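S.K.: just need the structure, nothing else, for what follows:
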Amino acid sequence: MNRHFYNGSKIEIGKDYIKIKERNIRLNYQEIKSISIKNTRIHRAWLIYVIAGIVACCIILSLFCLLIHGLISNAAALRNSGLFYRKHVVVLLVFFFTGGPFFIVWKVKKYFKKYLMLIIKWDHDDFRIKISDLRINKNDLKKFFADKEKSFECDF
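M.R.: Residues are numbered from 1 along each chain as shown. Take a look at the predicted model:
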């Protein structure tokens, strides 16, 4: 039996291989290009999430401005129309439009945080996992991968 250094729910680190259980991939150390432990973001595409959140905030705020303009406008068509005529609909729309950007900023804000992560890169993909989720000491990982350093690149 091959002893493993770590066996968890997401990843298994053995003497000769690393098994990523989420993707059902088993990688020998010869197949791995690099293993690094860095402070980095969870996903590589974090900037796309941030830009999408900013665009959504701009759209919601512009709709909110149109709503406010329609409420205070002297145009008879907008002031007496069904949408702006009832006050409870206006209160609901104001709550939605002001709460929407805060919700989006709150969700997008998590992509700005950096965590200490174990990053495993191979030919066409990479895998990132928080070291705090593994419940392993960073120094223990460094010592284990220092022995395997000859077959791939290590950045610690």
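
S.K.: what helix or strand is the closest residue in space to Arg26 that isn't next to it in sequence on?
M.R.: Spatially, and ignoring its direct neighbours in sequence, Arg26 is nearest to Lys19 (4.7 Å; Cβ to Cβ, 6 or more residues apart in numbering). The C-beta positions use only the backbone N, C-alpha and C, and glycine is treated the same way. Taking DSSP states H and E as the criterion, the element that holds Lys19 is strand 17-20.

S.K.: same check, this time on Leu61
M.R.: Under DSSP H and E, the secondary-structure element containing Leu61 is helix 46-72.

S.K.: ok, back up a step: now do the buried residues in the strand holding Lys19.
M.R.: By neighbour count, with 16 or more other Cβ atoms under 10 Å as the criterion, the buried positions of strand 17-20 are 17-20.

S.K.: please apply the same query to stretch 123-130.
M.R.: Of the residues in stretch 123-130, those with enough neighbours to count as buried (16+ other Cβ under 10 Å) are 127-129.

S.K.: will you turn these into CSV that also has distance to Cys65, secondary structure and pLDDT?
M.R.: Shown next, in CSV, are the buried residues of stretch 123-130 (distance: Cβ to Cβ, whole Å; DSSP: H, G, I helix; E, B strand; the rest coil; pLDDT from 0 to 100):
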residue, distance to Cys65, secondary structure, pLDDT
Phe127, 44, strand, 88
Arg128, 39, strand, 89
Ile129, 43, strand, 89
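
S.K.: ok, the residues you listed vs Lys10, which is closest?
M.R.: Lys10 lies nearest to Ile129 out of the buried residues of stretch 123-130, by Cβ to Cβ, at 6.0 Å.
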